[in-house]
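Novice: Need a 3D model of the following:
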Amino acid sequence: MNQTEKMLADLFIQLPLLFDTIFREFEPAIPLKLNPSEVKTLIHIFTSPGKPMSEYSKHVGLLKGSFTTIADLLEEKGLILREASKEDRREICLVLTQNGEEMAQQMHQEFVKYINQRMSNLNGADKVALCNAMQTLLHTVDLL
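Specialist: Okay, the predicted model is just below:
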């Protein structure tokens, strides 16, 4: 194993901490108190609407049972609805309510600003390189 391969593996180990820190520190200015998993879920539903719960649980980084609790909380707060999939009625999809859509859109806009602030120490070329590297990474593990 060469040094680059070792460094790449070590960086992958740090990625969950990076993403958890980013979402834990992000505090959207919304009227409801939401935990980081709820925020991530709403943003994922907003950017990829109507997907099965199992897909959202993977994106949020929770097991199905734990994610069901998040979905229950968001449903109780009137932000999401569960609907049977049109393709497979055994599969449950999540959709935003009108209130959920408005809140998720606001959170997404705030998240874009937040990420830009966090990355403000990067110049334009570094930001493009980071975007390209992240897209390559997502393609490599078949997430895009």
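
Novice: which residues of this structure score low on pLDDT?
Specialist: The chain contains residues with pLDDT under 70 at 143-144.

Novice: Looks to me like L74 is in a helix.
Specialist: Yes. Judged by DSSP: H, G, I helix; E, B strand; the rest coil, L74 forms part of a helix.

Novice: Grab the nearest non-local neighbour of it.
Specialist: I80 (4.5 Å; Cβ to Cβ, 6 or more residues apart in numbering). Every C-beta, even on glycine, is put in place using the N, C-alpha and C of the backbone.

Novice: now swap in T47 and tell me
Specialist: T47 sits nearest to H108 (Cβ to Cβ, 6+ apart), 6.9 Å away.

Novice: Could you give the number of residues near the closest residue in space to E55 that isn't next to it in sequence?
Specialist: Spatial nearest neighbour of E55, chain neighbours left out: S48 (7.8 Å); criterion: Cβ to Cβ, 6+ apart. For S48, the tally of surrounding residues (other Cβ atoms under 10 Å) stands at 11.

Novice: quick one on the thing from earlier: regarding the residue nearest to L74, what are the backbone dihedral angles?
Specialist: phi -140, psi 160 (degrees, to the nearest 10).

Novice: Tell me the bridge partners for it.
Specialist: I80 has these beta-bridge partners by DSSP bridges: L96.

Novice: Name the residues of the strand or helix carrying the residue nearest to T47 that come out as buried.
Specialist: Using DSSP states H and E, H108 maps to helix 98-118. By neighbour count on 16 or more other Cβ atoms under 10 Å, the buried set for helix 98-118 is G100, E101, M103, A104, M107, E110, F111, Y114.

Novice: Could you tell me the angle between the helix or strand that comes right after it and helix 98-118?
Specialist: Per DSSP H and E, the first helix or strand lying C-terminal to helix 98-118 is helix 124-140. Counting by axes from the mean of the first three to the mean of the last three Cα atoms, to 10 degrees, helix 124-140 lies at 130 degrees to helix 98-118.

Novice: quick one on the thing from earlier: off-centre distance for the helix holding H108?
Specialist: 12 Å (Cα atoms, centre = their mean, to the nearest Å).

Novice: who's in contact with that helix?
Specialist: 22, 26, 28-30, 32, 39, 42-43, 45-47, 74, 78-80, 96 (Cβ atoms under 8 Å, 6 or more residues apart in numbering).
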